[in-house]
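>>> coords below, sequence missing:
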């Protein structure tokens, strides 16, 4: 079993995310527990570290933090995969979906990074003298540092891929290829080729997930990079986020970007935002 972040108690932000996942699924913990055994068996090839099942008490502790010193990555993965399987009538356990595994990894990464600070202050992998590390910190701040810490300490392919996506969309293509090679070395299957289509879609997915989990600043990193690279849905979501904060000029700017990249609903959004701004100015 892989080692996790040592802690006296689980940060409440982490348990909040787990509880939200369970609550919004509308599925009882006993049902999740019973289904987890077949889901684990079906996904062992794609996720070799999964436990055989999740017991109901384990699920309860994950949602409350009671009696736990840490959240285990393998349990978080199986929890998300099981809930996805139960909620999606099209889910076929005889042909497990790599997309579902990707979503489970994204959820797990978000939960584990939600503690804030470095993942292991006693064992730092981030090296300011490494130009690739420095550029990551310079572009993405503490989030970038945490991502490097987690990727390297856990040899985690999805986190290496996230670093590759972030740097590719930032224009640091050599760094992106380096991190993608690290992802390939750590994964059971090679990651997707780095190109505008794959990276913008992955950034949009990561941004939306972080927004859902209350990590607005992290969401904006991914969405802005994708939007500036031509991803219309990312620009439209940024417009939504800005409008909710009454940032009219910013909402109009992102709506314009969405429209220029072909988003069908951005024209109406621009008109509505302009009308609202004029109303507040009167």
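Yes, it's here. The structure presented is a predicted model; accordingly, all values stated were derived computationally and were not measured. Numbers count the residues shown, from 1 in each chain.
>>> Does the nearest residue to residue 85 once chain neighbours are set aside lie in a helix or a strand, and which?
Of all residues beyond its chain neighbours, the one nearest residue 85 is residue 91 (4.5 Å), with distances taken as CB to CB, 6 or more residues apart in numbering. Every C-beta, even on glycine, is put in place using the N, C-alpha and C of the backbone. Following DSSP states H and E, one finds residue 91 outside all helices and strands.
>>> Count the neighbours of residue 193 for me.
A total of 9 residues lie near residue 193 under the criterion other CB atoms under 10 Å.
>>> Helices of the stretch 1-150 of the chain, start to end?
Along the stretch 1-150 of the chain, the segments classed as helices by DSSP state H, counting those that start in this stretch run 12-25, 29-43, 56-64, 73-87, 98-113, 131-154.
>>> In TSV: the ones you listed, plus mean neighbour count, distance to residue 249 and mean pLDDT.
Conversion of those to TSV gives the following (neighbours: other CB atoms under 10 Å; distance: least, CB to CB, whole Å; pLDDT from 0 to 100):
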stretch	mean neighbour count	distance to residue 249	mean pLDDT
helix 12-25	17	31	88
helix 29-43	18	45	94
helix 56-64	18	41	92
helix 73-87	22	38	92
helix 98-113	20	30	82
helix 131-154	19	24	88
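>>> Output the ones you listed in TSV, with distance to residue 216 appended to each entry.
Formatted as TSV, the entries for these read as follows, by distance: least, CB to CB, whole Å:
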stretch	distance to residue 216
helix 12-25	13
helix 29-43	29
helix 56-64	23
helix 73-87	21
helix 98-113	12
helix 131-154	12
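>>> Which of those sits closest to residue 183?
With respect to residue 183, and counting by CB to CB, the nearest of those is helix 131-154 at 8.5 Å.
>>> The helix or strand just after that closest one - what's its average pLDDT?
If you walk from helix 131-154 toward the C-terminus, the next helix or strand you reach (DSSP H and E) is helix 157-169. What helix 157-169 shows for mean pLDDT is 95.
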